[in-house]
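Chemist: Would you be able to build a 3D model of this:
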Amino acid sequence: MTKESGKPLAKGIKSWTYPVAEFSKMYAPHEKVHPADKLRGHGIEKVGEVAALTRTELISMLGRAAGRHLHALARN
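Modeler: A predicted model of the protein is given here:
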């Protein structure tokens with residue numbers, strides 16, 4: 001029987017508990033860092049400096065989506 005519902009579990013279904021400390025680490029809110037702040041942290045402040053970087057460098061600094069997007073914007 002489960003504590004929440006008081007109903008017995010169906011045959012073949014096991015009850016398990018997840019440690020609260022681990023669960024809270026997985027689903028704790030993250031502090032998001034703006035891509036501009038990440039670029040400033042690398043000493044990059046101008047569009048020309050972003051355009052001089054390779055797509056791979058931007059992706060490693062900012063993540064896949066932001067890196068690809070900024071690379072395309074800076075090059076066009």
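Chemist: and the helix of greatest length in the chain, C-alpha only, in CSV?
Modeler: Determined from DSSP state H, the single longest helix within the chain is helix 64-75. Coordinates of the C-alpha atoms in helix 64-75 are reproduced here as CSV (Å, rounded to 0.1, in the frame of the first residue of the first chain):
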residue,chain,number,x,y,z
ARG,A,64,24.6,25.2,-28.3
ALA,A,65,21.5,27.4,-29.0
ALA,A,66,22.9,30.7,-27.9
GLY,A,67,26.3,30.1,-29.6
ARG,A,68,24.8,29.1,-32.9
HIS,A,69,22.3,32.0,-32.8
LEU,A,70,24.9,34.7,-32.0
HIS,A,71,27.3,33.3,-34.6
ALA,A,72,24.7,33.6,-37.2
LEU,A,73,23.7,37.1,-36.1
ALA,A,74,27.3,38.3,-35.9
ARG,A,75,28.2,37.0,-39.4
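Chemist: what sits against Val47?
Modeler: Applying CB atoms under 8 Å, 6 or more residues apart in numbering to Val47 gives the contacts Ala74. All C-beta spots, glycine's among them, are computed from the backbone N, C-alpha and C.
Chemist: And it, its phi and psi?
Modeler: Dihedral pair for Val47: phi -60, psi -40, per degrees, to the nearest 10.
Chemist: Pro8 versus that one, what's the distance?
Modeler: For Val47, the distance to Pro8 (CB to CB, to the nearest Å) stands at 64 Å.
Chemist: And for Ala51?
Modeler: For Ala51, the distance to Pro8 - CB to CB - is 64 Å.
Chemist: of these two, who's got more company?
Modeler: A direct count of neighbours by other CB atoms under 10 Å for Ala51 and Pro8 places Ala51 higher, at 14 against 9.
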